[in-house]
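# Below are the sequence and a predicted model; questions follow.
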Amino acid sequence: MSESPLIANKVTVGYRDRTILEDLSVEIPADSLTMIIGPNGCGKSTLLSSFARLLQPKSGEILLNGDDVARLSAKQIARRLSLLPQTAIVPSGVTVASLVARGRFPHQRMFQQWTPDDESAVIGAMAATETADLADRFVDELSGGQRQRVWLAMLLAQQTDVLLLDEPTSFLDIAHQFDLLELLRTLHEQGRTQVVVLHDLNQAARYATHLIVMRDGEVVTTGPPDEVITADLVRDVFDIDALVVPDPVTGTPSVVPLDPRTAPKASPPADRPRS
């Protein structure tokens, strides 16, 4: 198996005096569609930001293809890794084609002219995300689903081997959520390593090849969805009683919450294992 492209090695990360992740270690499998799940405030986005070096660990290291990101320039990182933040700011008066073209910035040198490789990357990214017909539209005039595809096109134009996406389905209706997740699955099949923060357990179980489950700033467990998603884990991590049954379409685990008025009282959970 290929070497992990992203490794967090005993990292401690926080904001000012507040520690969010402490002595955390986790690896992202190569060529995986990895999804990070867990309750609100458990550190999912903090971990993703640390991978992208938006947050500097107080201790430990983040390795990108074996190199400590703290020793890489911003441009070196941007040639290997691209990030779609949770709340990407929509620029005013910028067309779709212009925004997607910004993904080529890490590959350009000072005073370098636009190249055929740049043009090919932008055209390919817009074709993959089905945004070519939006090229002349202004980004701030698009719907939420269209915007997400345009942002993803910009990431694809960046041509990195690793993509990080923080809650990319937020604010999308159910149809656009599944459209986006299907696109991520296609990118995975094309060999892109992706790390996605997601809230919906059933969507994560259906689309992920690898899960990272977090709670209280810790990694509870990792692995394939059919090994990770159990009724015990859902109760211990998310504090709800549920049945876990095979999805009738895909066979992947599907979480069905029980009515708290009729669910049997569960015994206090044992200490959660750490990966």
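Structure received.
# does the nearest residue to residue 135 once chain neighbours are set aside sit in a helix, a strand or a coil?
What sits nearest to residue 135 in space, not counting adjacent residues and going by CB to CB, 6 or more residues apart in numbering, is residue 97, at 4.2 Å. Where you see a C-beta, it was placed from the backbone N, CA and C, and this is true even at glycine. Following DSSP: H, G, I helix; E, B strand; the rest coil, residue 97 is assigned to helix.
# so what's residue 97 up against?
With contact set as CB atoms under 8 Å, 6 or more residues apart in numbering, residue 97 has these partners: 122, 126, 135, 136.
# next one: residue 16
Residue 16 neighbours (CB under 8 Å, 6+ apart): none.
# I'd like the numbering to begin with 594 instead of 1 from here.
OK, 594 is where the count begins now, so the last one is residue 609.
# quick one: pLDDT of it?
Here, the pLDDT recorded for residue 609 equals 85.
# And it, how far from residue 641?
Going from residue 609 to residue 641 by CB to CB, to the nearest Å gives 19 Å.
# Nearest residue to the middle of this structure?
residue 789 (1.7 Å; CA atoms, centre = their mean).
# how much space between that one and residue 777?
7 Å.
# List the buried residues in the strand or helix carrying residue 668.
For residue 668, the element it lies in under DSSP states H and E is helix 667-671. Within helix 667-671, the residues that count as buried by 16 or more other CB atoms under 10 Å are 670, 671.
# How about stretch 735-744?
735, 738, 739, 740, 741, 742, 743, 744.
# what does stretch 607-623 give?
For stretch 607-623, by 16+ other CB under 10 Å, it's 607, 613, 614, 615, 617, 619, 620, 621, 622, 623.
# Test my guess that the fifth one contacts residue 604.
Yep, that's residue 617 we're talking about. Yes. Counting by CB atoms under 8 Å, residue 604 is a contact partner of residue 617 at 5.4 Å.
# what's the overlap in contacts for the two?
Counting by CB under 8 Å, 6+ apart, the common neighbours of residue 617 and residue 604 are residue 653.
# and which of the buried residues of stretch 607-623 is nearest residue 764?
residue 613 (24.0 Å; CB to CB).
# Given whichever strand or helix holds the closest one, what are its sheet partners and their directions?
Element membership for residue 613, per DSSP H and E: strand 611-621. Its sheet considered, strand 611-621 pairs with strand 599-608 (antiparallel) by DSSP bridges.
# Residues in contact with the partner strand: which ones?
612-621, 639-640, 643-644, 648-657, 674, 755, 786, 788.
# List the buried residues for it?
Result for strand 599-608 [16+ other CB under 10 Å]: buried residues 599, 600, 601, 604, 605, 606, 607.
# picking that back up, let me have the contacts of residue 690 in CSV, extended by neighbour count and distance to residue 751.
Below are these laid out as CSV (neighbours: other CB atoms under 10 Å; distance: CB to CB, whole Å):
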residue, neighbour count, distance to residue 751
715, 24, 10
719, 24, 13
728, 15, 18
729, 9, 22
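# Let me know the closest of these to residue 773.
residue 719 (15.5 Å).
# got any ranges where this structure has weak pLDDT?
594-595, 703-704, 854-868 (pLDDT under 70).
# what helix or strand is residue 776 on?
Using DSSP H and E, residue 776 maps to helix 767-782.
# helices or strands up against that helix?
Helix 767-782 sits against strand 626-630, helix 709-721, helix 737-750, strand 786-790, helix 794-800, with contacts defined as 3 or more CB pairs under 8 Å, 6 or more residues apart in numbering; DSSP states H and E.
# With only the CA atoms kept, save it in CSV.
The C-alpha coordinates for helix 767-782 follow below in CSV (Å, rounded to 0.1, in the frame of the first residue of the first chain):
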residue,chain,number,x,y,z
ILE,A,767,-30.7,16.9,-0.3
ALA,A,768,-30.5,16.6,-4.1
HIS,A,769,-27.4,18.9,-4.3
GLN,A,770,-25.8,17.1,-1.4
PHE,A,771,-26.0,13.8,-3.2
ASP,A,772,-24.8,15.4,-6.4
LEU,A,773,-21.7,16.7,-4.7
LEU,A,774,-21.0,13.4,-2.8
GLU,A,775,-21.3,11.5,-6.1
LEU,A,776,-18.8,13.9,-7.6
LEU,A,777,-16.4,13.2,-4.7
ARG,A,778,-16.8,9.5,-5.2
THR,A,779,-15.9,9.9,-8.9
LEU,A,780,-12.8,11.9,-7.9
HIS,A,781,-11.8,9.1,-5.5
GLU,A,782,-12.2,6.6,-8.3
